[in-house]
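Asker: Mind folding the following:
(chains A and B)
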Amino acid sequence: MLFTSIEFLFLFLPCVLAVYYVLPFRWNMKNYFLLAASLGFYAWGEPKFVFAMLASIVFNYAAALVIEWSRGTRDPTVPSSPLSVPRSPSPAKAALCVAIAGNLALIGVWKYCNFVTATLRAWFPSWQGAIPQTSFLLPIGISFFTFQALSYVVDVYRGERAQRNPLLLALYIALFPQLIAGPIVRYTTVRDQLTMRRTTWDQFSAGVFRFVVGFNKKMLIANLMAEVADKAFTGAPGSAAFAWLGAICYTLQIYFDFSGYSDMAIGLGRMFGFTFLENFNYPYISKTVTEFWRRWHMSLGSWFRDYVYFPLGGSRVGKGRLVFNLAVVWFLTGLWHGANWTFILWGCLYGVLIAGEKLSGWVAKVEGSFTLRLFYQPFTMVMVVLGWVLFRAPSIGAAGSHLAAMFGAVPLVDGSAIFWSREVVVPFVCALVGSTPILKTQRLSGAWLVAVGYAVQLALFIVSISFLVMNAHNPFIYFNF
Amino acid sequence: MRDSRMTKVSRLGFAWAFISLIAIFCCHSLRQLWSGVGNHPSRQSLKERLVGKLLWKERFVDLNGGMARFAGRRMCNSRMLYSDGSLGYLYSPLHASDGDFVESVAWLAKRVNAHGIPFLYVQAPAKFPLRGNMMPTGWEFENPNIRATCVVGDLERLGVGTLDLVGTFATTEEDVKKNFFRTDHHWRIHAAFGATKLLADRLADLLNVPALRDAAPLMEGNWERRMADDFFLGAHGRRTGRFFAGVDDFAYFVPRFDTDIIKTVDGKQMVRGAFVNTLLDLHVLSARSIHKRNAYAIYGRDAGRVTIQNKNAMTTVRVMIVKDSFANPVAAFLATVCREVIVVDPRKLGSLLDVINIVAACRPDVVVELVNPGSTRNAKFTCNPATQPLIPQ
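Answerer: Numbers count the residues shown, from 1 in each chain, chains lettered A, B, ... in the order given. Just a heads-up that it's a prediction; the model follows:
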């Protein structure tokens, strides 16, 4: 079920809200209902895979308890941190390794087995008889809820108290607002909220507003940019102008699609009393590639930082080791996004760029010099756009064709560039403005202007519903990660 | 900074408006689902029901089209706003061949001829100028009428009799504007009437029935023209709403002369009476919502087989028309000069073999296939002649 679907907006959400706010908080009734609703939400789209998710929850619940028992009692005065080591490491570490292996096996089989077998069969044709081509279906959101589960067991290993109530752990992992496309929520963020949250009208209203803003971003901008991007990436573009237009439209599409979804998830969470951390912070105003990844998909970036980069040593190592650490992180980041060489190459591109910035100290230089920023900021954006070409293309060959078209392998302008540039000029300009904090920094002075802002968002929401009615099918890009 | 009171009130008002909106839609959706309980309870059917019966759906369609127009868009919901302000298909190039269709028509003609019955292929035009371009700058397209002209040429080379109406009704942009609805892909009723006259003239020569040429019942003066302004939202318009390309005026013809018609649909329903009571379905004009007013169906909807008998016909000619929706008004007008018109729609039957069976059973004086260029890519109008016997069994 998608947030931008009629069955969610006009059936699921109002019914769940109504029952949720009628139920008392006593005996965790609200939580158990929310869990049931979340499982129903997932089962609507993936009736068979809900059992896989339940199995993952049970496994991680048991694993965390074993880790905590093996670890021994944690000193409550010592705050847990990514670098903390338990007093009884070996059994706990063994249990942790089993837990990590189990989670990675789940995601490895469902998400990567087809890719691995296809690659091996292509590289070693003589092995085709021995290696059957698998055809596993990808459960929606598996990357998100598996990483949440992984973060939970690692945090328990590092000193966090394991959740005793399996249903509350299930709620943390399966909570529908962030279940299928993030943000990746840390257990420590919501631990107390699971049992001690209360929602005021103000918070609820803020959640509604956030949800509506995200909904409008997805329906009014992301989907319209997708029209151009889909055309440009179907076959090789006929002109450089159309190739660039398609690439920029995809750049805007993926931002408004994913950040819109995150807004909806955060807004929905707030409607139910949960506060999730932000996932985007205007990434397209970044001055450096390093800064870009501090603003883009922040929950994923911080996850890799805390659970892969820092345990490998982080930046406090020699240059060779630093490069290795970054290579691992960015290889895995690319791989996390999808089982395709284009994603791996995309991740590696960022690995190279970020390694270069760290080794040269470029980030500090750029931030300290206006002149350098003048050149490097556009360069950063160009790299981001080229990266999205890799990300979007169905294969490396197709990406190569698109990039070649962008840099002159085809005529400069063609009919498609003329038609589509006129066709989407209004949402395109709105998207460019909306991807910067211009409107946010121009603080609306005067409460009546704020009221106008709310009225505008409500009007746009009604327009978005009209798009929803017309476009029966509008999946999220990060839906299948 | 603390929010001011008005900001809080605005935010609360916003939240209440959102809740009220989704609550209204939720109640409506639950009612729709409850009324459909027990019928096909799959997820897909639930979704279809929710979307199909959504509250204020037509208003949302109008709003969507209006916003698209406001944003300066030329494309909306897979329909294009042509340069003359009318709506049409995208006609994206498919680079596909009409060879299968040509072979199928030639095969059908041969099978009909084998029964000693003449065959005539009539090419209705598409809503696009044969010479000209109404698409926005830069849009690559495949001119359907050029394709249609090629189909006619190929059929003539195969010895099939043809009547090409493309040049008469859709040569220039002005022709298209005059002869086609703004919001629908069909030709206007007066164009269908004109096409009927041309067909009757051709049948006069083919069947050697001079009475069909310039027949009095097919003179416009013998028909009353009734008009309704801003009345019709065609098939394209129902996808884009009233505000994307406007709405159409709708004119239809009612005979001033006496008629006695018997109409049978799919061998089941039979009605007898004057033209206005049998061949004219005025109920289609009575729907309150313009979105539900399928005015083009006024001369009959698509059905597998419709038989129209004219007890007062001036000739004894019996015509079978193998058709798509373009021939609906043509069949009704032709019935005023023929003893019998048998209308067969392959899209409602199993295959072209069913058409052959009907030909064999009815033995008309002539078989006419009247289709628009869109039907040449419709599988129901093609068959594989290699697998079908040429000699009647």
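
Asker: downstream neighbour of the helix or strand of chain A with the lowest mean pLDDT in the secondary structure list?
Answerer: Taking mean pLDDT, DSSP states H and E as the measure, the helix or strand of chain A with the lowest value is helix A:438-441, at a mean of 70. Tracing the chain C-terminally past helix A:438-441 and defining elements by DSSP states H and E, one meets helix A:447-470 next.

Asker: and that following helix, what does it pack onto?
Answerer: helix A:201-216, helix B:5-35, helix B:57-70 (3 or more CB pairs under 8 Å, 6 or more residues apart in numbering or on different chains; DSSP states H and E). Bear in mind the C-beta positions are built from the backbone N, C-alpha and C, glycine included.

Asker: How far does the following helix or strand past the second one sit from its chain's centre?
Answerer: In this case it means helix B:5-35. Scanning the chain past helix B:5-35 towards its C-terminal end, the next helix or strand to appear is helix B:43-52 (assignment: DSSP H and E). Helix B:43-52 has its C-alpha centroid displaced from the chain centroid by 26 Å (CA atoms, centre = their mean, to the nearest Å).

Asker: what's the answer for stretch A:130-140, then?
Answerer: Going by CA atoms, centre = their mean, the spacing between the C-alpha centre of stretch A:130-140 and its chain's C-alpha centre is 24 Å.

Asker: Can you tell me what sits against it?
Answerer: A:42, A:45-46, A:49, A:52-53, A:109-111, A:113-114, A:117-118, A:120-121, A:124, A:180, A:479-480 (CB atoms under 8 Å, 6 or more residues apart in numbering or on different chains).

Asker: again, only using 6 Å
Answerer: A:45-46, A:49, A:52, A:110-111, A:113-114, A:117, A:120-121, A:180, A:480 (CB atoms under 6 Å, 6 or more residues apart in numbering or on different chains).

Asker: For the closest residue to chain A within the stretch 51-200 of chain B, grab phi and psi.
Answerer: In the stretch 51-200 of chain B, the residue that lies nearest chain A is B:G138 (3.4 Å; CB to the nearest CB). Note on B:G138: backbone dihedrals following degrees, to the nearest 10 are phi 100, psi -10.

Asker: So for it, what's the pLDDT?
Answerer: pLDDT, B:G138: 91.

Asker: Repeat that for A:P86.
Answerer: 49.

Asker: show me where pLDDT drops low in the chain?
Answerer: I went with chain A, as the question did not name one. Applying pLDDT under 70 to chain A flags the ranges A:73-89, A:440-445, A:472-481.

Asker: try chain B instead
Answerer: In chain B (pLDDT under 70), the answer is B:1-3, B:36-43, B:384-393.

Asker: Walking through it, point out its strands one by one.
Answerer: Under the criterion DSSP state E, chain B contains strands at B:75-76, B:79-81, B:87-88, B:119-123, B:161-164, B:223-232, B:248-255, B:261-265, B:269-273, B:305-310, B:318-323, B:340-344, B:366-371.

Asker: Could you dump these into JSON lines with distance to B:W56 and mean neighbour count added?
Answerer: Shown next, in JSON lines, are those (distance: least, CB to CB, whole Å; neighbours: other CB atoms under 10 Å in any protein chain shown):
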{"stretch": "strand B:75-76", "distance to B:W56": "19", "mean neighbour count": "21"}
{"stretch": "strand B:79-81", "distance to B:W56": "21", "mean neighbour count": "23"}
{"stretch": "strand B:87-88", "distance to B:W56": "22", "mean neighbour count": "26"}
{"stretch": "strand B:119-123", "distance to B:W56": "42", "mean neighbour count": "23"}
{"stretch": "strand B:161-164", "distance to B:W56": "45", "mean neighbour count": "19"}
{"stretch": "strand B:223-232", "distance to B:W56": "21", "mean neighbour count": "14"}
{"stretch": "strand B:248-255", "distance to B:W56": "23", "mean neighbour count": "19"}
{"stretch": "strand B:261-265", "distance to B:W56": "34", "mean neighbour count": "19"}
{"stretch": "strand B:269-273", "distance to B:W56": "35", "mean neighbour count": "12"}
{"stretch": "strand B:305-310", "distance to B:W56": "36", "mean neighbour count": "23"}
{"stretch": "strand B:318-323", "distance to B:W56": "36", "mean neighbour count": "25"}
{"stretch": "strand B:340-344", "distance to B:W56": "38", "mean neighbour count": "25"}
{"stretch": "strand B:366-371", "distance to B:W56": "37", "mean neighbour count": "25"}
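
Asker: number of nearby residues for the residue of the stretch 251-400 of chain A found nearest chain B?
Answerer: For the stretch 251-400 of chain A and chain B, the shortest gap (CB to the nearest CB) falls at A:M271, measuring 9.2 Å. By other CB atoms under 10 Å in any protein chain shown, 24 other residues sit near A:M271.

Asker: quick one: contacts for the closest residue to it other than its chain neighbours?
Answerer: The shortest distance from A:M271 to any residue other than its chain neighbours is 4.0 Å, reached at A:G207 (CB to CB, 6 or more residues apart in numbering or on different chains). Listed by CB under 6 Å, 6+ apart, the contact set of A:G207 reads A:267, A:270-271.

Asker: again, only this time at 10 Å
Answerer: When contacts are counted by CB atoms under 10 Å, 6 or more residues apart in numbering or on different chains, A:G207 touches A:177, A:199, A:264, A:266-275, B:15.

Asker: any idea which of the residues you listed is the one closest to A:M225?
Answerer: A:M264 (17.6 Å; CB to CB).

Asker: Help me confirm that the closest one comes into contact with A:V213.
Answerer: Yes. In this structure, A:M264 is within contact of A:V213 by CB atoms under 10 Å, at 8.5 Å.

Asker: Please identify which of these two sits among more neighbours.
Answerer: A direct count of neighbours by other CB under 10 Å for A:M264 and A:V213 places A:M264 higher, at 28 against 20.

Asker: so which strand or helix has that one?
Answerer: Take DSSP H and E as the rule and A:M264 turns out to sit in helix A:240-271.
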